[in-house]
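**Student:** Sequence first, then the predicted structure, then my questions.
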Amino acid sequence: MVQPSFSHPKKDAPATTSSSPTAALDTFLDNQHQSYFEELYKSEAVCLCILRLLPPVCRQIILHYLWAHGTIRTTDVKQFLQKDIQAPLAEVDEVVRPALNRKILHPMVHKKNKMQWPLNDTFKRGLRNALTGLGTSNSFGVPYDRDPNDEVPTEEELIAYGEDTFELLHDSGLMTDPADPSGRSPNLVRLTITSKGFQFLLEDRQTQLWEILMYYLTAKEANSERSAETLSMFFSLGCMQLGQDYSASQSFPHAQNALNDLAQYGFIYKPSEESDQFFPTHLATALCSGDASATQSQTADEKRFLILETNYKIYAYTSNELEIAILNLFVDIRIRYPNLVVGKLDRKNVKAAMEKGISAYQIIAYLSSHAHPQMYSSPPPLLHPTIVDQLHLWDKERNRLKTEETVMFEFFSKELYDDTESEARANAALQLAVPGQKLLFIEPQTKPAITEFVKERQNLLRSGL
Amino acid sequence: MTTAQPTAAEAVYPTTTPPSVLLVIVDIHPLSWSLLASPPPAPPFPVNHAIDLAGASPMTLPDFVTILMVFLNAHLASRWGNEVVVYGATAGRAKLLYPPPPSAVAGPSKPRPNSYRPFQLLDSRIEEGLREMISEEEDRLQSGDTAKLNEPSAMVSALTKALCFINRIVPPSNNTSDITNPNEPLAPGGSGPDRPETRILVINATPGAHVSASSDGQTNGDADGNASAQPTQGNQQRGGYVGLMNCVFAAQKAKVPIDVLSLPPPTIDASPPIFLQQAAHLTEGVYWQWNGRGGLLQYLHAVYLPPASLRHRPFAVPPQDAVGFRAACFCHHKTLDIGFVCSVCLSIFCEPRPVCLMCKTRFPIKSLPTLKTLAANIQSIPIPDTVPPPIIPKGVTPNGPNSVDGTRKGRGAGKTGGGGGGGRGEPIEID
């Protein structure tokens, strides 16, 4: 029969994205060429960070062969992975695929019946130098020669500075309508937010940082500037030490402009505009640490301020302007106290937010990720089903009409129509059946299978008659 | 169970591993390192010409520490959140070298532009700590405290400290909770994703099984006689064997693998440090003996770098040689093939005793001759040598001629057919 082709491809998964915080970086790197990586790997910091971005098994294989003289032979890798020597090459290939994508390994070469992957020399040298500290590229940052009596900001001050600047960036930069890029006015009333912007706010901090940086980088590329220097600078910043000051001109002689831009985003702190000295803030130093635990936990606690009652009332214990502005998007704010905002989720406001492209899923994700610890003491689910359902219903209301591609079948014989309908129904290929006019609407990708079925059936019916 | 097992093998590989804490115990006993620095020439190795080409390479402590630092850096490099703890063990003493105690604020040396800051801190602090320890050793030598200098390295002390450290960072309550599924090291959700996995790497430089249990060759060399030396040594070494085994069982319970790298090549010492080998075996760690022909950096990376969660699956680990499960007796600290076990406190003795030395239990005196005749009839089971015993050139045995030591060494080398029998397998109960 025709079953296999009927499998329904559309499973309405609520888009579980954000697999890794560096997803933005990964997609960027995946599109680069060999020469780009050659330039990147001149910096030891990049080698170290790229190594850490590989999956663990692949990472260990690279380290395993780092100090070996020869190239990596497939048979050796198979043995190391305890695979059969006869095992298909694809299995091993899949394991080292990430390294191949990052051009750490060159594509496979055949030599005397032996298949092997040569290790990229630039990368090998870079990583070896990173481990032994014998490099010469100053990629871990040249410390600034400062007067011992100079005032140095403490780590807390740097963190506070980074937070403030980054939030200002949220306010002014990200919430503006992308159609109006010049509108960088911090006037909160005029601000609108897009679906993308709202999704951005839902991400964790590290993902946000990399998204911004990659956005910045692609903008640079669009201006046909070489971005390798800048990207390598990001990694270097990620390897720097919080609370230590570095010399801008010696550390990044070719990326001064980009460094100044980063100062605006709060990644680094410069005592004055044209000073050579700079301090990386925690935003920069947390870039490359897989789990930015310190900053994460701190912000995680601050984020929990929302109490949502079953009568749609929201109490938000916050005085953060940005959070209030976000709430204002879909909540009808009634009362404002210095540390408390009380509002109500109502149809009008939520639908206004949805008009801007914010989906019910996003609102629910926002509400649950900001739920006050008190909310956790009540029995699960965290958000009351009534409210979750209502939000979905409002979302549905907006999307009453949905367009879908379809294939229409028109029948003359009632018998053939009935058979085809039951067949399509059994295989979940049916979209709509109109028995009066003997019309069937089915999923487009099942068309060949259905056509075949109809022909077969037709022949059968005719021969039977 | 998925049916597509072989093809889905890649999907089984973990995508993340928990952060891993590596505790390294470095044996820096000066006498052992003087042996390693001037090894005897390697015997010819006709099986593999490439190996034969690499002659015996002397290994000095500075050279080795350089290699070790690169290895530790690689461990730090392989994941964010990985940590390193280093203990130094020398004659009778063990000391924490890294991380520095919080009270002593290490004067932050200026960051070097070409080394990652954590690497630099680690390397400089280890070097500093080693120098401190060695100068302390020199002070001891000058103050004439030679008796202590001849003690074997304080592995037990270092192991105990390491286990305490692990206990501090990983609360034991978590350990007991997942005792129900002991065979699932790969289950990431079982023990929480962020709970660090710990492992101990013992780098042994002291030849033979001297590590803790039996008397050291050098010790006996200048002791004024075996008989008079016994009681004092007995006290200190009882702590040795029992202490080591206690550490091993504690580590086993806490699921902390103890990896052992034994540096003395077979040319210096033919018998493996059996108690460390047992430790590695019991805790599912990796035991490996250097062959004395260089390549240590590569070996360290290849054998000891993968964290415990990636070992066995997917990565291969070097096969264990036949492990000698012999124990040391509590009275003379000889390594035994056949022992006599007190039925009350399970102490092990090398000969039948009317009164247990440990718990003072009295046994019927009549049973002693019977036991002796029975023991004489026991054929100890020979351990199959998976690795052919290396050829030992005459006259290079580093230890002086010594009665206790000599017999033990003879057994270790597998000279007699009955050597290396399972002493544990044949407990004879008195009474």
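**Tutor:** Cool, got the structure.
**Student:** Next secondary structure element downstream of the lowest-mean-pLDDT helix or strand in chain A?
**Tutor:** Within chain A, no helix or strand scores below helix A:293-303, which has a mean of 54 by mean pLDDT, DSSP states H and E. Per DSSP states H and E, the first helix or strand lying C-terminal to helix A:293-303 is strand A:306-308.
**Student:** And for the helix or strand following that following strand, what's in contact with it?
**Tutor:** Later in the chain than strand A:306-308, the nearest helix or strand by DSSP H and E is strand A:313-316. When contacts are defined by C-beta atoms under 8 Å, 6 or more residues apart in numbering or on different chains, strand A:313-316 is touched by residues A:305-309, A:323-324, A:327, A:331, A:340-345. Glycine gets a C-beta too; all of them are placed from N, C-alpha and C.
**Student:** from those, which is closest to chain B?
**Tutor:** Nearest to chain B, judged by C-beta to the nearest C-beta, of the contacts of strand A:313-316 is A:F305 at 24.6 Å.
**Student:** And whatever residue of chain A ends up closest to chain B, how far from B:N114?
**Tutor:** Among all residues of chain A, A:G133 sits closest to chain B, at 3.2 Å; criterion: C-beta to the nearest C-beta. Relative to B:N114, A:G133 is positioned 6 Å away (C-beta to C-beta, to the nearest Å).
**Student:** what residues are up against the residue in the stretch 1-150 of chain B positioned nearest to chain A?
**Tutor:** Residue of the stretch 1-150 of chain B nearest chain A, by C-beta to the nearest C-beta: B:S115 (3.2 Å). For B:S115, the contact set (C-beta under 8 Å, 6+ apart) comprises A:A130, A:G133, A:G135, A:F140, B:D123.
**Student:** Ramachandran angles for it?
**Tutor:** Note on B:S115: its backbone torsions stand at phi -130, psi 140 [degrees, to the nearest 10].
**Student:** now do A:L430
**Tutor:** Dihedral angles of A:L430 (phi, psi; degrees, to the nearest 10) stand at phi -80, psi 130.
**Student:** Excluding sequence neighbours, find me the nearest residue to A:M408.
**Tutor:** Excluding the flanking residues, the one nearest A:M408 by C-beta to C-beta, 6 or more residues apart in numbering or on different chains is A:F441, at 5.5 Å.
**Student:** On the three-state scheme, that neighbour is what?
**Tutor:** Following DSSP: H, G, I helix; E, B strand; the rest coil, A:F441 is assigned to strand.
**Student:** any idea how far B:P18 is from B:G81?
**Tutor:** Distance from B:G81 to B:P18, by C-beta to C-beta: 8 Å.
**Student:** Check A:L231 too.
**Tutor:** Distance from A:L231 to B:P18, counting by C-beta to C-beta: 29 Å.
**Student:** the more surrounded of those two?
**Tutor:** A:L231 (25 against 21; other C-beta atoms under 10 Å in any protein chain shown).
**Student:** which stretch of helix or strand covers that one?
**Tutor:** Per DSSP H and E: helix A:228-238 holds A:L231.
**Student:** so what's the residue most central in space within chain B up against?
**Tutor:** Taking C-alpha atoms, centre = their mean, the centroid of chain B lies closest to B:L276, which sits 3.4 Å from it. Residues near B:L276 by C-beta under 8 Å, 6+ apart: B:M155, B:V202, B:N204, B:V211, B:V260, B:S262, B:Y287.
**Student:** change it to 7 Å
**Tutor:** Shown in contact with B:L276 (C-beta atoms under 7 Å, 6 or more residues apart in numbering or on different chains): B:V202, B:N204, B:V211, B:V260, B:S262.
**Student:** Of those, just say which sits nearest to chain A.
**Tutor:** Of the contacts of B:L276, the one sitting nearest to chain A (C-beta to the nearest C-beta) turns out to be B:V260, at 20.0 Å.
**Student:** list the contacts for B:L159?
**Tutor:** Counting by C-beta under 7 Å, 6+ apart, B:L159 touches B:I25, B:C247.
**Student:** Quickly note the distance from it to chain A.
**Tutor:** Counting by C-beta to the nearest C-beta, to the nearest Å, the separation of B:L159 from chain A is 26 Å.
**Student:** Compute the number of surrounding residues for A:K114.
**Tutor:** Neighbour tally, A:K114, other C-beta under 10 Å: 12.
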